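Participant: sequence plus the predicted model coming up.
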Amino acid sequence: MTLNLTSSDRHANPLAGEGDSLARSRRVPDDFVLGVATAAYQIEGARHEDGRADSIWDTFSHTPGAVVGGDTGDVACDHYHRYADDVALMKRLGVQSYRFSTSWSRICPDGRSVNAAGLDFYERLVDQLIGAGITPWLTLYHWDLPQVLEDRGGWPVRETADRFVDYALAVHDRLGDRVATWTTLNEPWCSAFVGYTSGEHAPGRQSPSDGLAAAHHLMLGHGKVVTALRDRDPSLRLGLTLNFTVADPVNPTDPRDVEAARRIDGQMNRIFLDPVFRGEYPADVLEDVRALGLDRHVKDGDLATIAAPIDVLGVNYYNGGAVSHVAPPTVLNATPATERPTLSPFPAADGVHWHPRGLPVTAMDWEVQPEGLTRLLVRLHDEYAGPAGTVLHVTENGAAFDDEPDDTGFVDDRDRVGYVRSHLASVLDAIDAGVPVQGYFYWSFLDNFEWAWGYAKRFGIVRVDYDTQVRTPKASALDYARISRTRQLPVGAVDTGDARLQASVAAGPSDEDDEDSSSGGSDA
């Protein structure tokens with residue numbers, strides 16, 4: 001075992017003031033799912049084992065200057081070999097559902113032929129989850145396109161959408177009888193615009209036109225997969241995960257700042273929402289990008305395919321932003337310090353500037369803005385998901401902080417505890433406002449390969465020592481486990497006298513957690 005559990009003899013904590021702390025809490029609905037999420041390339045490792053071929057992230061991470069520290073995902077968290085221990089730890093922490101992605105290049109290494117050994121791994125993983133009472137939630141694409149398909153043009157060419165269908169059906173052939181919830185894409189905005197327009201992510205192209213073509217074909221692939229899976233099994237819960245921002249004008253009385261917010265909202269949120277829920281691209285966005293050739297890729301019937309009804313919309317939220325037509329006096333540095341120059345990921349937002357608002361920031365220099373999540377969920381329900389009968393889950397939300405482990409590897413990450421509690425409270429606020437949000441998945445279960453940041457940033461509630469692969473639940477993991485077990489969300493600031501956190505740290509994952517969470521595999 002490579003697991004380091006905290007214990008009361010190592011972390012004895014006074015429980016003074018416990019009654020007051022326990023009184024100040026909010027009830028988490030019993031049917032509200034509390035889960036965790038990861039992605040294949042970020043944790044699996046085993047780069048060339050059992051027939052796996054390179055993805056665009058293998059190629060990109062081995063490109064000098066592309067990733068901080070020259071890091072790669074060749075080993076990452078070695079989850080490919082340690083999945084059983086990882087699932088056992090999830091069970092001890094009371095995780096109800098696990099959102100993971102399958103690796104296209106592990107399952108279809110040449111882009112077409114099915115590699116049975118690759119599917120064997122995911123079958124073992126799913127069986128392990130079900131045996132632990134944890135509901136599997138499968139994402140088909142989390143940014144790791146097989147390099148062989150990129151060599152044939154990648155997402156900017158139409159063929160890739162058809163190969164995506166082949167791959168999806170191969171996964172369903174093996175796992176369709178055990179996995180009920182299927183997400184087609186994770187954050188197509190990043191795949192398209194961070195990968196093909198800004199160049200910060202794989203495959204590292206820098207073309208606004210290619211980014212728009214990729215965005216359309218990603219969504220076309222999504223619609224085709226939804227249709228194909230629905231034809232096979234109407235009982236499946238099918239969906240899509242999008243990442244969102246809440247764009248606010250710095251000066252709401254200045255039309256130029258309002259225009260800046262409109263552009264960001266259009267080119268990040270509505271460019272995907274409107275095709276899925278309304279069968280059309282927003283007219284203002286089409287006007288913004290008119291010179292970039294998006295219309296050349298939209299064929300008859302495409303938008304009807306993209307608008308195939310979905311059951312679940314996954315909401316990924318980290319923060320919003322205040323935007324203006326003028327540059328700020330100071331800027332937040334949220335771009336990794338790599339040797340590769342990058343462009344803006346927005347294809348037509350020249351002259352739009354982000355302004356710091358004096359909010360706390362994470363180690364990514366992302367502002368902490370939990371109230372934006374409430375506003376986002378209300379808007380999505382009112383304008384899109386509600387009328388369509390689509391349910392919402394928060395499928396990613398989390399924070400990187402500069403964790404400082406003690407000599408046992410334990411991290412007392414109270415900033416992350418506060419982050420999770422405040423964002424869960426924002427979800428409960430949305431539920432109180434009438435939005436039927438059904439679950440929350442923390443990103444990420446494990447510290448992992450954080451894309452262009454390599455291993456320089458840690459999002460996990462479980463610390464990974466990359467030299468030894470020892471896993472150590474952080475204070476945030478223990479607090480999350482307690483919330484899952486008790487269905488009580490503490491309110492108020494997190495401080496050294498927080499009795500609930502102290503009690504969680506003192507006990508660590510316990511047999512009681514095992515018993516309480518063994519039936520926690522809700523229908524996520």
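Facilitator: Looks like it arrived, so ask away. Numbers count the residues shown, from 1 in each chain.
Participant: quick one, phi/psi of the residue lying closest to residue 144 once chain neighbours are set aside?
Facilitator: Distance criterion C-beta to C-beta, 6 or more residues apart in numbering; nearest residue to residue 144, sequence neighbours excluded, is residue 55 at 3.9 Å. C-beta here means a position set from N, CA and C on the backbone, and glycine is covered the same way. Note on residue 55: its backbone torsions stand at phi -100, psi 180 [degrees, to the nearest 10].
Participant: so what's the residue count around residue 55?
Facilitator: 28 (other C-beta atoms under 10 Å).
Participant: quick check: bridge partners of it?
Facilitator: residue 146 (DSSP bridges).
Participant: pLDDT at it, what is it?
Facilitator: pLDDT for residue 55: 98.
Participant: residues in contact with it?
Facilitator: 41, 103, 104, 105, 144, 145, 146, 147, 202 (C-beta atoms under 8 Å, 6 or more residues apart in numbering).
Participant: same question for residue 251.
Facilitator: 257, 324.
Participant: now do residue 155
Facilitator: Here residue 155 is in contact with 145, 191, 192, 195, 196, 213, 214, 217, 218 (criterion: C-beta under 8 Å, 6+ apart).
Participant: what helix or strand is the nearest residue to it once chain neighbours are set aside located in?
Facilitator: What sits nearest to residue 155 in space, not counting adjacent residues and going by C-beta to C-beta, 6+ apart, is residue 214, at 3.7 Å. Applying DSSP states H and E as the criterion places residue 214 in helix 208-232.
Participant: do residue 128 as well
Facilitator: Following DSSP H and E, one finds residue 128 within helix 116-131.
Participant: now what about the helix or strand just after that helix, what contacts it?
Facilitator: For helix 116-131, the succeeding helix or strand toward the C-terminus, using DSSP H and E, is strand 135-141. With contacts defined as C-beta under 8 Å, 6+ apart, strand 135-141 is touched by 33, 35, 39, 96-102, 104, 125-126, 129-130, 164, 167-168, 171, 175, 178-186, 191, 221, 225, 241, 441, 521-524.
Participant: what of stretch 269-289?
Facilitator: 188-189, 208, 212, 215, 219, 222, 240, 242, 244-245, 247, 262-263, 266-267, 294-295, 298, 303-304, 306-307, 310, 347-349, 380, 384-385, 387-388, 390.
Participant: what mean pLDDT does that stretch get?
Facilitator: In the prediction, stretch 269-289 has an average pLDDT of 98.
Participant: contacting residues around residue 38?
Facilitator: Shown in contact with residue 38 (C-beta under 8 Å, 6+ apart): 79, 98, 99, 100, 101, 444, 445, 446, 448.
Participant: how about 10 Å then?
Facilitator: Residue 38 sits next to 44, 76-77, 79, 86, 98-101, 139, 142, 441, 443-446, 448, 459-460 when contact means C-beta atoms under 10 Å, 6 or more residues apart in numbering.
Participant: and the residues you listed, which of them are in strands?
Facilitator: 98, 99, 100, 101, 139, 441, 443 (DSSP state E).
Participant: among these, which one sits closest to residue 151?
Facilitator: Of all these, residue 151 sits closest to residue 101, with 21.9 Å by C-beta to C-beta.
Participant: mind saving the C-alpha coords of stretch 401-421 as CSV?
Facilitator: Output of stretch 401-421 as CSV, limited to C-alpha atoms (Å, rounded to 0.1, in the frame of the first residue of the first chain):
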residue,chain,number,x,y,z
PHE,A,401,-2.7,26.3,-3.1
ASP,A,402,0.9,26.2,-2.1
ASP,A,403,0.6,23.1,0.2
GLU,A,404,3.2,22.7,2.9
PRO,A,405,3.3,19.1,4.2
ASP,A,406,4.6,18.3,7.6
ASP,A,407,7.1,15.5,8.2
THR,A,408,4.4,12.9,7.8
GLY,A,409,3.2,14.3,4.5
PHE,A,410,0.0,15.7,6.0
VAL,A,411,-1.2,19.1,4.7
ASP,A,412,-3.3,21.3,6.9
ASP,A,413,-4.8,23.1,3.9
ARG,A,414,-7.4,25.4,5.5
ASP,A,415,-7.5,27.7,2.5
ARG,A,416,-8.8,24.7,0.5
VAL,A,417,-11.2,23.7,3.2
GLY,A,418,-12.7,27.2,3.1
TYR,A,419,-12.8,27.2,-0.7
VAL,A,420,-14.8,23.9,-0.8
ARG,A,421,-17.1,25.0,2.0
